[in-house]
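> Here's my sequence, what's the structure:
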Amino acid sequence: MTGGPPTTGAPAAVVVADAGAADAARAAALEIARLGLRTSLVLPAAAARRSEADLGPVHVVRVPVGTALCDAAAARERRRSAAPRVLGYADAADERAARLRAQLAAADAAARGGAAAAVASAYWRGRGELVRVRSAAQRRVVARAWSAGRRALASAGSRLPRAGWRGDPRVGDLELALGPVLDALKPTVVLGVGPAGQGLATRAAERAAAAGRPLLVARPGDGVPQQVRDLAAGLAPVAVPANVTEVARAKRRERPYLLIGPANMAGQGWEWARAAERGLGVDAEVLTVTRGNLAFVSDTRVSAQDFARNPAWQRGWTAHVLDTATHTLLEAGRPLLGTLHGRDFAADVDVLRSAGIAVGLVFHGSEIRDPRRHAELYAESPFRDPHAELTARLQRQVDELAPKVAAFDGPRFFSTPDLLDDVPGGLWLPVVIDTSVWAPQAEPLQRARPVVVHAPSNKALKGTARIEPVLAELEAEGLIEYRRLEGIPPEQMPAALADADVVLDHFVIGNYGVLTCQAMATGRVSVSHISDRVRSRVPSPIPTIEATAGTLADVLRGICADRDAARATAAQGPAFVTEFHDGRYSAAVLAPFLGAAPPPHG
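Residues are numbered from 1 along each chain as shown. You can find the predicted model right below:
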């Protein structure tokens, strides 16, 4: 058979764990499923809502976990350190937490059965009703009843681990969230992974026994517990292929789910994701590692520190990716799962593929552009001095990354045409801009002194130092007004470009990118150095005016002298952007990778 066990109906086995043991629990669940048992995995959710998905033959249930007991414990500690102890509860949330503790304890005691347990259960129920005790006199009355309850509770003989919910409110919060799910699944066997998971499994078995339903608690060890193997041998198994990754890809979702990250440079990860959703009917999500104050829109954001150094975040995010994605695009040679497996993409590839997830790479520019090769091919290259700090640093980076990219046996994409030199065999995935935002504006060059703008996201790679002396000279003559756009939030850039006549972009790389597309889409006069090598790789003429740093002064003088000709070039920009950069072309490029029909285009 080629299909895995069905994921509907009561599972034969359930594996449960907290977030810290999710990786081990996932591995255990897959091993159990290979024995032919219908298997579910119950874990805390990283998000604020419940989700269910198939990880190969394993049905994964993720449940949000509240923090009522943890919050109340923290509040009590703050009060104890700040003031003498007072009777009662600080607020409604504190009182609710006390009721939840009593609820858990009453269920725990009742599940053990017997007369002593019944007394203990009544004690805990009573404690829940008496949380409103306010006075010392009331406390003395209640204390006498509680002392008898404590003795009864001790005689009931709990089988719970010592580090149970009474000592750790985190386990109590887990029990409140995951306990009802375990009860509803009604499995034959439950395996708890990690101390918290073992406690959850034990309590689930006690509640099942009290309800007259046997539930075997498997004890964790090396590999699959013998109790589970015995159960599988005694049941009619459902055949599961040895290679569960084939099932994982087919069963995880009804349609592809593309996850892109973690760079989102110039917001391109977001734009590709939305283009795939619009054009191909897939679901898509973007992860962005944030640095500084400049942040493009994204589905999920994480700080660089957490991405690199927070194991809890890394494990939670990895679980989300493995449970959700069918396809991933790893940006800029970086890992997608944090640095849990390594500092570049290579180690993540095996992890993702082991879960049946297709992997592609996409590159933006400097991370893969070879300075040595660029200096040989481009006359204006900024990399002619191999000892310059930037050149040497980028060369080391490329020398380390390029062999791994060459060894990668999956699809490779690049965002700008020049990178074909550096990603041989790759596919051009054009940058995308939102043409509803970057729409044609008032005709340029109506002012006596045209406004010329330049937005140097990277001064060295834009050639800013080469062109600004020219611009200063022309501004001093009164010919132009020059504005450097720096530190402007992305949402304010459309208005900034709309107020420009001429937009200057690249002058040393010989390429064109996002800013040039934005300028063309808004009908601005776009001036850049785009080499013939790059222009020849684009199927239609690029409607920009060519200039190098050495010719820029003459070009700008010419624009001011013959404004009609410059406006005619600018008027071709919106159509060019619609053809190549509104997302439809990029979606068509991604369609084979995602196994989707390409969108209509043309």
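> C-alpha from now on. contacts and neighbour counts both.
Fine.
> For burial, what's the neighbour tally of the spatially closest residue to Leu178 that is not a sequence neighbour?
Of all residues not flanking Leu178 in the chain, Val63 sits nearest, at 6.8 Å (CA to CA, 6 or more residues apart in numbering). Using other CA atoms under 10 Å, Val63 has 21 other residues around it.
> Name every strand pairing with the strand or helix carrying Val217 and say which way it goes.
Element membership for Val217 (DSSP states H and E) is strand 216-218. Strands flanking strand 216-218 in the sheet, each with its direction: strand 189-193 (parallel) (DSSP bridges).
> so Arg584 touches Ala275, yeah?
Yes: applying CA atoms under 8 Å as the test, Arg584 and Ala275 come out as touching, 6.6 Å apart.
> returning to that earlier point: can you pull the pLDDT of the residue nearest to Leu178?
On pLDDT, Val63 comes in at 90.
> Tell me what it is bridged to.
Assigned bridge partners for Val63, using DSSP bridges, are Pro44.
> dump the residue contacts of it.
Residues in contact with Val63, defined by CA atoms under 8 Å, 6 or more residues apart in numbering, are 42-45, 49-51, 177-178.
> Quick one, which of those has the minimum pLDDT?
Ranking those by pLDDT, Arg49 lands last with 71.
> Just confirm it contacts Pro64, I think it does.
Yes: using CA under 8 Å as the test, Arg49 is close enough to Pro64 to be in contact (5.7 Å).
> neighbour-wise, which of those two wins?
Shown here are Arg49 and Pro64; by other CA under 10 Å, Pro64 has more neighbours (17 against 10).
> what's the spacing between the more buried one and Ala29?
With distances taken as CA to CA, to the nearest Å, Pro64 is found 20 Å from Ala29.
> now swap in His327 and tell me
Applying CA to CA to His327 and Ala29 gives a distance of 22 Å.
> Just want to know which of these two has more residues nearby.
Ala29 (27 against 24).
> In which helix or strand does that one reside?
Short version, using DSSP H and E: Ala29 is in helix 22-34.
> Show me which positions of that helix end up buried.
22, 25-26, 28-34 (16 or more other CA atoms under 10 Å).
> Give the rounded mean pLDDT of the strand or helix carrying Pro403.
Per DSSP H and E, Pro403 falls inside helix 389-407. Helix 389-407 shows a mean pLDDT of 96.
> Stretch 199-208 now?
Here the average pLDDT along stretch 199-208 is 86.
> Check the offset of it from the chain's centre.
Relative to the mean C-alpha coordinate of its chain, stretch 199-208 is positioned 34 Å out (CA atoms, centre = their mean, to the nearest Å).
> re the thing from before, please tabulate the buried residues of helix 22-34 in TSV, including the columns pLDDT.
Listed next are the buried residues of helix 22-34 as TSV, based on pLDDT from 0 to 100:
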residue	pLDDT
Ala22	78
Ala25	83
Arg26	82
Ala28	83
Ala29	85
Leu30	82
Glu31	81
Ile32	85
Ala33	82
Arg34	78
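> Only C-alpha atoms, please: export the helix or strand containing Pro494 in CSV.
Under the criterion of DSSP H and E, Pro494 resides in helix 493-498. Output of helix 493-498 as CSV, limited to C-alpha atoms (Å, rounded to 0.1, in the frame of the first residue of the first chain):
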residue,chain,number,x,y,z
MET,A,493,8.1,55.6,-0.1
PRO,A,494,5.3,55.8,-2.6
ALA,A,495,4.6,59.4,-1.7
ALA,A,496,8.3,60.3,-1.8
LEU,A,497,8.7,58.9,-5.3
ALA,A,498,5.4,60.5,-6.5
